[in-house]
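Asks: Let's see this in three dimensions:
(chains A and B)
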Number of protein chains: 2
Amino acid sequence: MKIGILGYGNLGRGIECAIRQNEDMELAAVFTRRNPETVKILTEGVPVYPAEELERMQGKLDVLILCGGSATDLPEQTPSYAKYFNVIDSFDTHARIPEHFDNVDAVAKENGHVALISCGWDPGMFSLNRLYANAVLPEGKDYTFWGKGVSQGHSDAIRRVEGVKDGKQYTIPVERALEAVRNGDNPELTTRQKHLRECFVVAEEGADLSKIEAAIKTMPNYFADYDTTVHFISEEELKKEHSGIPHGGFVFRTGVTGWEKEHAHIIEYSLKLDSNPEFTSSVIVAYARAVYRLSLEGVSGCKTVFDIAPAYLSPKSGAELRKHLL
Amino acid sequence: MKIGILGYGNLGRGIECAIRQNEDMELAAVFTRRNPETVKILTEGVPVYPAEELERMQGKLDVLILCGGSATDLPEQTPSYAKYFNVIDSFDTHARIPEHFDNVDAVAKENGHVALISCGWDPGMFSLNRLYANAVLPEGKDYTFWGKGVSQGHSDAIRRVEGVKDGKQYTIPVERALEAVRNGDNPELTTRQKHLRECFVVAEEGADLSKIEAAIKTMPNYFADYDTTVHFISEEELKKEHSGIPHGGFVFRTGVTGWEKEHAHIIEYSLKLDSNPEFTSSVIVAYARAVYRLSLEGVSGCKTVFDIAPAYLSPKSGAELRKHLL
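Replies: Predicted structure coming up:
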């Protein structure tokens, strides 16, 4: 299976690493909008081409993995490249998924390609768990918690505060809320009761620390609705202790069964990830296998993780899967 | 969707309750090998027929759910009834799944029906989680723990001991083992290190308790390889405190990503179930929806949970699912 990567940031590099862990896959080329000579990839002997070369690669890639951002890149790229290739993206702007799906679906169908959007862990593995659990327990309650992990958006927001040189923000689920859900208490939880926000900030020399702290804690949307902690640390400490990109979270469904709804059940799925982009990449690469197989079966159009039978993700045959994993 | 149930024990009753929680389904009839007059079901106005009537019901049931046991009932029933109906079973003898699959597949294909075998939570939801996690993290380690829950087989084994009037056995995962896996220690665990066995025993009057305890604790296969605790209690206490059928368990996969495999990840799925048969039933009923939909699409043959795209389980449309659950 020949895979192409468009965009070589954290996600693109994660895809490159994941391909190396799957023997039935091969990285064919990396495509970039930067000057290809400035992009050094890890895999020896694989070319880096300018993004403009992509159209000429038609027929030479089994799946193209789009590693751009959801804000402006993917709404443009995924429909464009679904014209030439089977594609996958990790589009994660939940509110705009229906619109993105329709755009991609039209192009993919017209050109006989399979496109899979919104792949990763949320949307992705978390969505799958919400769907399975809702189907199995139709009467119940859903809870999703994120973290402990780095939120890029909130870290960026900190860095925009006057007097801040650098910063990282961790989203942390409130332990008491997790426990209440796990106990089957079915709590109603406010935003503040679900997550904490912890910030590690490097201030500019001479900056007013209390002013920075106040600016962060009162920032609407990002921090005002949460219990937020701000730690001022040195640039060295930030680099040493907070340069990773861990993440994770929890999906619960609690529900009832029985003639009188007398029995309660709790389904819990959780992820603890050392590297958010590498885990996302690993999910995407498994789904690349599914996309390729579906295309070989003559399927076309836009799909999500909801539409893919799990067996398509594994390199093992149906008989092997039934024997060893069922 | 018209559902038939064959066999009205704990599982059959669970299916009946689950159908009531799904508005697009209707219980058409219950079939039994007992005298139908002795079988009182919960749903008003639904007939109970002798099992022999089933052949005459062809065309009147969209899916027949087989609620017999895996030892002798299902290997016989599932292939037999796949001749007349779309069928689902919860066949759980892991070692014999490949053979059962082949038997059912041949009949289902020949007669244009969809058959789904080994549905429930293990095999079932646990299998799905093993498959997804293996596909996403190809380099890693799997752990499955069961409990805390009642094991029917072990409870039966206790009741066969001389001097025992009644008894219940709980399988309990060892907390220290769970923690080691959750911490990413990737432990190698012996049978004894993974699960405890706790027995509640009602002795016959005048029986030798220490002899009973020794007989249980040294019983090969069932108890000898485990740390087993035996509590002697009264018949009243057994009835009052131990008449439920709770169960559950944990599926973990720990794995690594990155160019040098430098990042570790932990995927955990767990179930905490007040009623094992009712939860199993809820899974089966969701898959009954999928079986029916596949049959409407002209699909035939034997399937497992691995072959079913998740969207087929939900009564919601693709667009609704993408909008609300993705």
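Asks: make it CA atoms for all contacts and neighbour counts henceforth
Replies: OK.
Asks: quick one, strands of the stretch 201-326 of chain A?
Replies: For the stretch 201-326 of chain A, the strands defined by DSSP state E, counting those that start in this stretch cover A:227-232, A:247-257, A:263-273, A:301-303.
Asks: so what secondary structure elements neighbour the lowest-mean-pLDDT helix or strand in chain A?
Replies: Taking mean pLDDT, DSSP states H and E as the measure, the helix or strand of chain A with the lowest value is helix A:152-159, at a mean of 94. In this structure, helix A:152-159 packs against strand A:164-173, with contacts taken as 3 or more C-alpha pairs under 8 Å, 6 or more residues apart in numbering or on different chains; DSSP states H and E.
Asks: quick one, what contacts A:Asn129?
Replies: A:Val251, A:Tyr269 (C-alpha atoms under 8 Å, 6 or more residues apart in numbering or on different chains).
Asks: what about 7 Å?
Replies: Listed by C-alpha atoms under 7 Å, 6 or more residues apart in numbering or on different chains, A:Asn129 has no contact partners.
Asks: And A:Ser151, by the same measure?
Replies: A:Gln169, A:Tyr170, A:Thr171.
Asks: same thing but 8 Å
Replies: A:Ser151 neighbours (C-alpha under 8 Å, 6+ apart): A:Lys168, A:Gln169, A:Tyr170, A:Thr171.
Asks: cool, and A:Thr257?
Replies: Applying C-alpha under 8 Å, 6+ apart, the residues near A:Thr257 are A:Leu137, A:Glu139, A:His263, A:Ala264, A:His265, B:Cys17, B:Ala18, B:Glu278, B:Phe279, B:Ser282.
Asks: Could you dump the residues you listed into a markdown table with pLDDT added?
Replies: Below are the contacts of A:Thr257 laid out as a markdown table (pLDDT from 0 to 100):
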| residue | pLDDT |
| --- | --- |
| A:Leu137 | 98 |
| A:Glu139 | 98 |
| A:His263 | 98 |
| A:Ala264 | 98 |
| A:His265 | 98 |
| B:Cys17 | 98 |
| B:Ala18 | 98 |
| B:Glu278 | 98 |
| B:Phe279 | 98 |
| B:Ser282 | 98 |
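Asks: Just the buried subset of those, written out for ChimeraX, thanks.
Replies: Per 16 or more other C-alpha atoms under 10 Å in any protein chain shown, the buried members of those correspond to this ChimeraX selection:
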select /A:137,263,264,265 /B:17,18,278,279,282
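Asks: Just the contacts of A:Thr257: which are in helices?
Replies: B:Cys17, B:Ala18, B:Glu278, B:Phe279, B:Ser282 (DSSP state H).
Asks: Quick check: closest non-adjacent residue to the closest residue to chain B within chain A.
Replies: For chain A and chain B, the shortest gap (C-alpha to the nearest C-alpha) falls at A:Ala309, measuring 3.8 Å. Nearest non-adjacent residue to A:Ala309, counting by C-alpha to C-alpha, 6 or more residues apart in numbering or on different chains: B:Ala309, 3.8 Å away.
Asks: List the contacts of that neighbour.
Replies: Counting by C-alpha under 8 Å, 6+ apart, B:Ala309 touches A:Phe306, A:Asp307, A:Ile308, A:Ala309, A:Pro310.
Asks: Around chain B, which positions in the stretch 51-200 of chain A sit nearby?
Replies: Within the stretch 51-200 of chain A, the positions near chain B by C-alpha under 8 Å from any C-alpha of the partner chain are A:94-95, A:97-98, A:122-124, A:127-128, A:130-132, A:134-139.
Asks: Could you identify the buried members of the residues you listed?
Replies: Among those, those that count as buried by neighbour count (16+ other C-alpha under 10 Å) are A:94, A:97, A:122-124, A:127-128, A:130-132, A:134-138.
Asks: quick one, strands of the stretch 1-150 of chain A?
Replies: A:2-6, A:26-32, A:48-50, A:63-66, A:87-88, A:114-116, A:140-146, A:149-150.
Asks: Quick check: which of the ones you listed is nearest to B:Thr78?
Replies: Of all the strands of the stretch 1-150 of chain A, it is strand A:140-146 that lies closest to B:Thr78, at 31.8 Å by C-alpha to C-alpha.
Asks: What helices and strands are in contact with the closest one?
Replies: Checking 3+ C-alpha pairs under 8 Å, 6+ apart, strand A:140-146 ends up next to strand A:164-173, strand A:247-257.
Asks: now the angle between strand A:164-173 and that strand, please.
Replies: Angle of strand A:140-146 versus strand A:164-173, following axes from the mean of the first three to the mean of the last three C-alpha atoms, to 10 degrees, is 150 degrees.
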